[in-house]
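Visitor: no sequence on this one, just coordinates:
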């Protein structure tokens, strides 16, 4: 009996996996993300501290790509290739945590306003609208200038400005689930708020939220790069956006040092694209077309 | 006019229709009966080549001598609607919500260049002229369905195919729509092919009857003869499933168990209950009692407030005024006491497919109530044994076969049994069932009715059955309460109310109810 159950559960899970695998773009995106994550984790362990220390580098500044430095050097003589590799960690970390924060707030606000309705929902929705109409970037800039500089501030600034769309979506999904007769049945059985939310609403919202989170990571990485490019990032850390900021600040364009601008830009595009592709493929798994 | 010979339809390797032969002459009315999945709609759609591409159609479908299967695209377009048209089921979904119904009726005439006007058509289906300017949501279900009929007649077809034209409508409206359809067919000498799962509807409208079962035509003949003397066991099962009001053979509730125990305090008593939705009064000063172990049917049209009344009894809605008394104590409005009350009273909803969370296995769906209320002490491996017992009580045997299934893997009848098991597991004393068999196939319907009666016999379970179906009330109930516009206009024993009604509204309902009784066959 239990073996039979396990087999059935397995076949359902493998159905989802095979749907995902049938989306080649999604598989490619997932592969890129695995590589990026490995690089972000391993790179700091392998790169000698000297190589990225401005005071100890030996190479000449603004060196064009060559045999010794594949992607050339920056204005201080550091290897651009090593900087890109080192920056992956910051970009991914900020992207993931900010997206988690945004999706977490959004899910909470969405479910609470969808489930309880009435005054609570009214108040929450007005707050959502407030954040929705404010230009997120401007708000993020304002927040990161007011708060002390650091990685935490960036995460907070991005997270606090990008949750409203998730909240709207989760609320809509909550409302459709709550209108279904099985929720009425659960209430008639004596189930309270916790039961209805935990057993019925949350399980049907989670897949959507997961997809949304994947897409939110992409947005958060772009937002992080933007903030860093504007010089509002953590000055002690290397990130792709910060590299672009440095390049712009120290005149990479008049120097015609394309090798300082292009690699971080391409890295951002590739990782964001990978997240988007994975998100789209997951969307297809979650909402199968009939 | 229409001649179908050796029609077979395959989807992939699955054969959904096999070797069907049908003939229809002008002015003839043919009913095609069958349960869901019997292939009756597939046959109808094949007449106008409306099946999806994945369907493989073999055989011959001659419409006025032309084979629909091999017709050119242009010819097919000309034939569609001009020679044969369809009244689709579910007018709500078949009408465009953002177009005025007048424009929608005119659309086929414009496409085919037929002369005619919308006014005449509306008059034919007994709708006022002004309605042409209405949008679909401004019309009632019966009016929408009559718009669909007007649309089907727009290009003067000689054959009309009606696919479950009255399924979503309640009895009174259904009777009106059927009357219009019947009159038009007779006046204009149309051929009518009507598809329905409901034999009584077909008996009202059609002279001939064909019964389909698992893709095959199992019986065909004059409607009266087929119903009075079914040859195939499936036809017999279908006819038996529709109770004849007044026929003692269809009265399943045993009278001896239902002696009025007036001395005892009733299990549920509703006093002067009033419920408002904003300014509309949905329930208006209702008094109702359900005795211990008694089955009471609450009948009425849609919109009569019967569902609101049930929701209020369950404590799912707050009444504006009045009291609900259960087992001698007023039903609490909130908190722990309300939760405890809900353990005693269980709800069975109309559509089992939507009453079960599609992600929950049968085990979880049945155990849901137990998990909410906690398992009573002293039961060895509590949850599993209780769930198994409840599932087997609901006649899903052996339970282990079903516990791990998801709802969509079960049939409609099995799903409804799961819902009932989920109620039984809490050992309730009253079951409130909202149209418990309305969405089920005829043959399953009887089984569920029998199950409810058996539960009453074995567990002393009282029920309040909400239905628009007087036949169901006759079959199952001890007492009937008739509800009209928020008020209970008549209540009493089944025999008294249904055989000797005292209120005009009850008489109207009884007249409208389609009946298979020998004296009530098609009256042309």
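Guide: Done, it's in. Keep in mind that what you see is a predicted model, and the values were worked out from it rather than measured. Numbers count the residues shown, from 1 in each chain, chains lettered A, B, ... in the order given.

Visitor: what is the rounded mean pLDDT of stretch B:318-327?
Guide: Stretch B:318-327 shows a mean pLDDT of 90.

Visitor: Show me what counts as buried in it.
Guide: B:319, B:322, B:324-327 (16 or more other CB atoms under 10 Å in any protein chain shown). C-beta: built from backbone N, CA, C; applies to glycine.

Visitor: do stretch B:22-34 as well
Guide: B:22, B:24, B:28-34.

Visitor: Between which two of these is the distance greatest?
Guide: In terms of CB to CB, the buried residues of stretch B:22-34 reach their longest pairwise distance at B:28 and B:34, which sit 19.2 Å apart.

Visitor: Can you pull out the residues in contact with the helix or strand bottoming out on mean pLDDT in chain B?
Guide: Scoring the helices and strands of chain B by mean pLDDT, DSSP states H and E places helix B:91-94 at the bottom, with a mean of 78. For helix B:91-94, the surrounding residues in contact (CB atoms under 8 Å, 6 or more residues apart in numbering or on different chains) are B:88, B:136, B:141, B:144-145, B:147-148, B:168.

Visitor: Up against chain A, what does chain B have?
Guide: Taking CB under 8 Å from any CB of the partner chain as the contact definition, chain B meets chain A at B:314, B:316, B:338-340, B:342-343, B:346-347, B:349-351, B:354-357, B:359-360, B:368-369, B:371-373, B:400, B:404, B:419, B:422, B:426.

Visitor: how does it look with 6 Å?
Guide: When proximity is defined as CB under 6 Å from any CB of the partner chain, chain B approaches chain A at B:314, B:339, B:342, B:347, B:349, B:354-357, B:359, B:368-369, B:372-373, B:404.

Visitor: ok, and the most crowded of those residues?
Guide: Using other CB atoms under 10 Å in any protein chain shown as the neighbour definition, these reach their maximum at residue B:356, which records 29 neighbours.

Visitor: correct me, but it touches residue B:406?
Guide: No. With contact defined as CB atoms under 6 Å, residue B:356 does not reach residue B:406; the gap is 8.8 Å.

Visitor: In the stretch 301-450 of chain B, where is pLDDT below threshold?
Guide: B:377-380 (pLDDT under 70).

Visitor: Chain A now?
Guide: For chain A, the ranges with pLDDT under 70 are A:1-13, A:288-290.

Visitor: mind redoing it with 80?
Guide: A:1-16, A:49-51, A:53-57, A:286-290 (pLDDT under 80).

Visitor: which residues of it fall in strands?
Guide: Counting by DSSP state E, chain A has no strands at all.

Visitor: what residue lies at the spatial centre of it?
Guide: Centroid-nearest residue in chain A, with CA atoms, centre = their mean: residue A:217, separated by 1.3 Å.

Visitor: for it, what are its contacts?
Guide: Residue A:217 makes contact with A:95-96, A:99, A:275 under the criterion CB atoms under 6 Å, 6 or more residues apart in numbering or on different chains.

Visitor: from those residues, which is closest to chain B?
Guide: residue A:99 (25.3 Å; CB to the nearest CB).

Visitor: My guess is the closest one contacts residue A:220. True?
Guide: Yes. Using CB under 6 Å, residue A:99 is in contact with residue A:220, at 4.6 Å.

Visitor: List the backbone torsions phi and psi for the residue nearest the centre of chain B.
Guide: Centroid check for chain B by CA atoms, centre = their mean gives residue B:438 as the closest residue, at 3.8 Å. The phi and psi values for residue B:438, taken as degrees, to the nearest 10, are phi -60, psi -30.

Visitor: and what of residue B:161?
Guide: Residue torsions, per degrees, to the nearest 10, at residue B:161 are phi -110, psi 120.

Visitor: any idea how far residue A:257 is from it?
Guide: As defined by CB to CB, to the nearest Å, residue B:161 lies at a distance of 75 Å from residue A:257.

Visitor: More neighbours: those two, which one.
Guide: residue B:161 (27 against 22).

Visitor: Bridged to that one, which residues?
Guide: residue B:86, residue B:193 (DSSP bridges).

Visitor: returning to that earlier point: out of the residues of chain B next to chain A, which are inside strands?
Guide: residue B:347.

Visitor: burial measure for residue B:410, as a count.
Guide: 19.

Visitor: if I pick the residue nearest to the centre of chain B, what's in contact with it?
Guide: residue B:350.

Visitor: With residue A:85 instead?
Guide: A:39, A:43.

Visitor: how near is it to residue A:248?
Guide: For residue A:85, the distance to residue A:248 - CB to CB - is 21 Å.

Visitor: Could you do residue B:383 as well?
Guide: Counting by CB to CB, the gap from residue B:383 to residue A:248 is 64 Å.

Visitor: likewise residue B:460?
Guide: In terms of CB to CB, residue B:460 sits 83 Å off from residue A:248.

Visitor: ok, now residue A:286?
Guide: Distance, residue A:286 to residue A:248, by CB to CB: 40 Å.

Visitor: ditto for residue B:133
Guide: With CB to CB as the criterion, residue B:133 and residue A:248 are 64 Å apart.

Visitor: neighbour-wise, which of those two wins?
Guide: residue A:248 (15 against 11).

Visitor: where does the closest residue to residue B:487 other than its chain neighbours land in three-state SS?
Guide: Excluding the flanking residues, the one nearest residue B:487 by CB to CB, 6 or more residues apart in numbering or on different chains is residue B:284, at 5.0 Å. At residue B:284 the chain is in strand, as set by DSSP: H, G, I helix; E, B strand; the rest coil.

Visitor: And residue B:276, by the same measure?
Guide: On the basis of three-state DSSP, residue B:276 is classed as strand.

Visitor: For it, which residues are in contact?
Guide: Applying CB under 6 Å, 6+ apart to residue B:276 gives the contacts residue B:320.
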